[in-house]
Every structure is written in C-alpha cells, then in structure tokens.
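Peer 1: Sequence below, structure please.
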Amino acid sequence: MEINGEFLEETVRELRQYFRSGSTRSVTWRKNQLTALLDLVHKNEDAISESLYQDLGKHPVEAFRDESDIPLLFFPAKGEVLAEPLGVVLIFSSWNFPIMLALDPLIGAIAAGNVVVIKPSEQAPACSSFLANTIPRYLDSNAIRVIEGGAAVSQQLLLHKWDKIFFTGSPRVARFVMSAAAKNLTPVTLELGGKCPAILDSLPNPSDFKLAVKRIVGGKWGPCSGQACIGIDYVLVEEKVSSHLVELLKKIIRRFYGDNPIESKVISRIVNKQNFTRLCNLLKDPLVAASIVHGGSVEEKHLFIEPTILLDPPLDADVMTEEIFGPLLPIITVNKIGESIEFINSRPKPLAIYAFTKDETLKRRILTETSSGSVTFNDTMVQFLCDTLPFGGVGQSGFGRYHGKYSFDTFSHEKAVMHRSLCLEIEPRYPPWSKFKLEFLRLAYKLNYFGLLLHILGLKRYNQLSCLL
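Peer 2: A predicted model of the protein is given here:
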C-alpha cells in the first residue's frame, strides 16, 4: 500500500481533532481500551505466534515466553531502582534572573553527583562576572566550572559531547541547542517561555476583584518589568467589566510606581538596547498604538518603558502573536469568560495559566480542557517558589522539570537493577521446547496475573512473596 503525504496529513489532523475532543481523558475510555488490548492479545495468540514465526522463525513456546509478562519464572528475585549521576552537565542560564537560574539547576546537578559547566548569559555581564569569580571560591573547581562569553562561546560549547544540557531561554535559541544535542543523543531540559494568560472572572465581591487586579499588577510588572517567562503576558476578561479593570490597573500602578514610574526606582529597566527596540516596535503598529489606554511613553537613554495597558489590540499583531517579555499588558475582552478556554487553546501551550475565579466549574474546565506547564488559581508567580511542585513547560514552552526533588531526578538516571539467586532454576524457560513447557508457561502467566490483581487490591505481601517486579 502506497501512502502519500495527504493521507498522513489527514491522519494526523483527525487524531489531533479527536484528542482535542477530550474523549481520551476519561477513566472509562482508558479502561475500555486497555481491556480491549488485553482481549486482542488473548484472542489472537495463534495469529501472533504465526506472525513471529514468519518474520523471525520463533517457536510458539519461545514466542509465548518472550511476549508474555511472567516474572514468576525468575523467583526468587528482587528489583530496585538506583539513581546515578548522568555525568558531565552543561547549564545555560538566562539574563532575567541570572543568579537564581544558574544556581537553581546547579543544586540539582550537584545533589545528583554530576560535574557541571555553567554558561551564564552575556546579557547580564555583572552577574556573569560574579558567578565566575565567586563560585570557584566556594565550590570544588575540579567539578564545577563557570565559562563566560557570548554566542560564539555557546556555539563552541555545543560542539562538545555532554551527558545533559539544561537550557533556560527563548524557543528560538532552544532549537539550536536541541539540534546540537541531537548529534550526540544528549538529553535536554528546555525551560522556555510563552504567552502566559491571566483569566479574570467577573468576581462579584469588589474586594475580591480589587485583590485579583493587585496580584495581576504584581505578576506583570513586579518581576523584572515583565521580563519573566512566567510573568503575565495578557489578560482575558468579560467585556462588561473591562473598563473597571482598566481603571483599577491604573490606580494600582500609580500606587506601586508613582505618577512618574521612571523616577520610582522600584521598577526594572529593559535589559538592553536590542530588547528595548523590539518592544518599541511592538507599539509602532498604528492599530496597536490606538489600543493604548494607559502609559506608552519610552525613555531610550535609560532603556525604560512605562507600564502600558492595551485594550483589545489586533489579535494578529505582533504584540499578540509573540511573547512580549516586557511591560506591555494587552487586555482581551470576551463575551463570556468561558470563551477564554477556546482562546488559549487556539495558541501555543503557555508555560503558566493564571485564573482568578471562585467558579469551581470554570476551574475544572481550565484543568481538563487546557494544557500548560502549570496552573495557578487566584495568584501569580507563587508556583515557581514552591519546591514541592515541579516547574517546567509543555510543547513550545519547553519540556523537562526541576525544583526540589524534581531537580535531582532531572540530573539523574534511574537505573533498573535486578538481583537473582543462584539457588533455584526453572528449566521450562529454556529449550528444547515442548507442549509441557508451553503449559507450564501458561500456568506461570496465570499465577502472575492473579498476583497482579491481588497487588491492585492491596495485598502487597503476596506481591513481595512472588517478587512481582
């Protein structure tokens, strides 16, 4: 059968559409499919054996032994998982939190027993210099090195073979990192960004609404003037409360940063001229400029951009298709807040979703109908500070996770170890094959399946006795 590109494209489209329908999320669907798969194997044993014989010349008894789950044949035995260090690790840190995003993954790499090279961002030269000069005074220089430099140094580093690469930065650069890692099949963790939305429900209690807006201001302009991967990128709100939202935002911005924010000394500047120019260009679109309802002033000398609010900018404008990573906050209005879910799903998966609501149904829909690195209800940024939660993205916002124990896991290989005894041997596992050996294997399979059921029911003692690994 010849398969053309259109057929494959249609197949992938249909599968993606079915996944989006949510059918595969239900426990009933999963159980039914697994039961059907088990039924497939049981009812087609002869056909499976015949196929294996035709392709590989396998005897039916050998086929049953190799294709079935019968660890009782290995009794007595025990298994364990041993965490071992991956080896030589390369960590690229980002410029917006240049100290924390270097030391945080370093903690996990050291805890797992690796040796490490840290490449700080050249866009934060003072912090890069601090790390390069200070780390050798405290840590083992035989195991932990800091290498400074620009893009050329990064490229040189990527030419070498690493046992793990941990990268924090933009999706654009991440593609180069992943491409270089692929040459040596090096595993990577990519901590990227994304347009993180905030869903603001129409909270009837004025104090609740005001507190939510206050936390939105903190989650947008508080972390490095919007230059944060988990910072709020845009807000979704019902049109009927959008004007009230704008007025509250203005009021809280003035309370936090004063009437002239550039003089407040409590709001960060843009990191460099390149990013300053990029942000200014986002505002040069006439339709975007027309949507500004607060702020918009810039000061090139100090690389400063005022906290700026945009109300319903064009959805196809760069400010709504690119990660902003700066102090510009678009507000997108919807008729009903539930429409925000469809809006989010129409775009790449974000690193974080923030939702301010008391509606349990809306919460459940956000959790089950959207995909993101994390979801935080009724606050912003706090999930990053909780080390008992994994931190990481999904899709275009990255993959892999770290923080707390998850950092240790990220920089470790979980090696499966099985311990056998030499005091007992079960001969039916070996050829020459016979009908008796096949029946023996069938019995072992049935006993193992019975043991698994007992284990599921909580009878762990049987599981330990039979060494179900």
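
Peer 1: Could you count how many residues lie near residue 237?
Peer 2: 24 (other CB atoms under 10 Å). Every residue, glycine included, has its C-beta placed from N, CA and C.

Peer 1: In contact with the residue lying closest to it once chain neighbours are set aside, which residues are there?
Peer 2: With CB to CB, 6 or more residues apart in numbering as the measure, residue 200 is the residue that lies nearest to residue 237, at 4.5 Å, once sequence neighbours are left out. Taking CB atoms under 8 Å, 6 or more residues apart in numbering, we find residue 200 in contact with 212-213, 216, 235-237, 241, 245, 337, 356.

Peer 1: The residue found closest to residue 381 once you drop the neighbours it is linked to in the chain in helix, strand or coil?
Peer 2: Using CB to CB, 6+ apart and skipping residues adjacent in sequence, the residue nearest residue 381 is residue 219, 5.4 Å away. State at residue 219, reduced to three classes by DSSP: H, G, I helix; E, B strand; the rest coil: helix.

Peer 1: Pretty sure residue 354 sits in a strand.
Peer 2: Yes - counting by three-state DSSP, residue 354 is found in a strand.

Peer 1: if you skip the residues just before and after it, what's nearest to it?
Peer 2: residue 198 (4.2 Å).

Peer 1: What of residue 239?
Peer 2: Going by CB to CB, 6+ apart, residue 239 has residue 333 as its nearest residue, at 3.9 Å.

Peer 1: is it true that the one you found touches residue 242?
Peer 2: Yes - between residue 333 and residue 242 there is a contact under CB atoms under 8 Å: 4.9 Å.

Peer 1: Please enumerate the shared neighbours of the two.
Peer 2: residue 311.

Peer 1: Measure how buried residue 26 is and give me the count.
Peer 2: Each residue near residue 26 was counted by other CB under 10 Å, and the total is 11.

Peer 1: Actually, residue 123.
Peer 2: Counted with other CB under 10 Å, residues neighbouring residue 123 total 16.

Peer 1: Confirm residue 231 sits in a helix?
Peer 2: No - read with three-state DSSP, residue 231 is coil and lies in no helix.

Peer 1: next one: phi and psi at residue 377?
Peer 2: For residue 377, the backbone dihedrals are phi -100, psi 130 (criterion: degrees, to the nearest 10).

Peer 1: again, but for residue 100
Peer 2: phi -60, psi -40.

Peer 1: Relative to residue 94, how far out is it?
Peer 2: 9 Å (CB to CB, to the nearest Å).

Peer 1: In terms of neighbours, single out the busier of the two.
Peer 2: Set residue 100 next to residue 94 and count neighbours by other CB under 10 Å: residue 94 wins out with 24 against 13.

Peer 1: My guess is the more buried one contacts residue 174. True?
Peer 2: No - Residue 94 is beyond contact range of residue 174, at 11.2 Å (criterion: CB under 8 Å).

Peer 1: Any stretches of the stretch 1-150 of the chain with poor pLDDT?
Peer 2: 1-2, 68-74 (pLDDT under 70).

Peer 1: Where do the helices of it begin and end?
Peer 2: Along the stretch 1-150 of the chain, the stretches classed as helices by DSSP state H, counting those that start in this stretch are 5-20, 27-43, 45-56, 60-67, 100-111, 125-138.

Peer 1: nearest to residue 427, of the ones you listed?
Peer 2: Nearest to residue 427 among the helices of the stretch 1-150 of the chain is helix 60-67; the distance by CB to CB comes to 12.2 Å.

Peer 1: could you dump the closest one to PDB, C-alpha only?
Peer 2: Extracted in PDB, the C-alpha atoms of helix 60-67 (Å, rounded to 0.1, in the frame of the first residue of the first chain):
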ATOM      1  CA  PRO A  60       5.500 -20.800  19.600                       C
ATOM      2  CA  VAL A  61       6.800 -21.600  23.100                       C
ATOM      3  CA  GLU A  62       9.700 -19.200  22.700                       C
ATOM      4  CA  ALA A  63       7.200 -16.600  21.500                       C
ATOM      5  CA  PHE A  64       4.900 -17.100  24.500                       C
ATOM      6  CA  ARG A  65       7.900 -16.800  26.800                       C
ATOM      7  CA  ASP A  66       9.300 -13.600  25.300                       C
ATOM      8  CA  GLU A  67       5.900 -11.800  24.700                       C
END
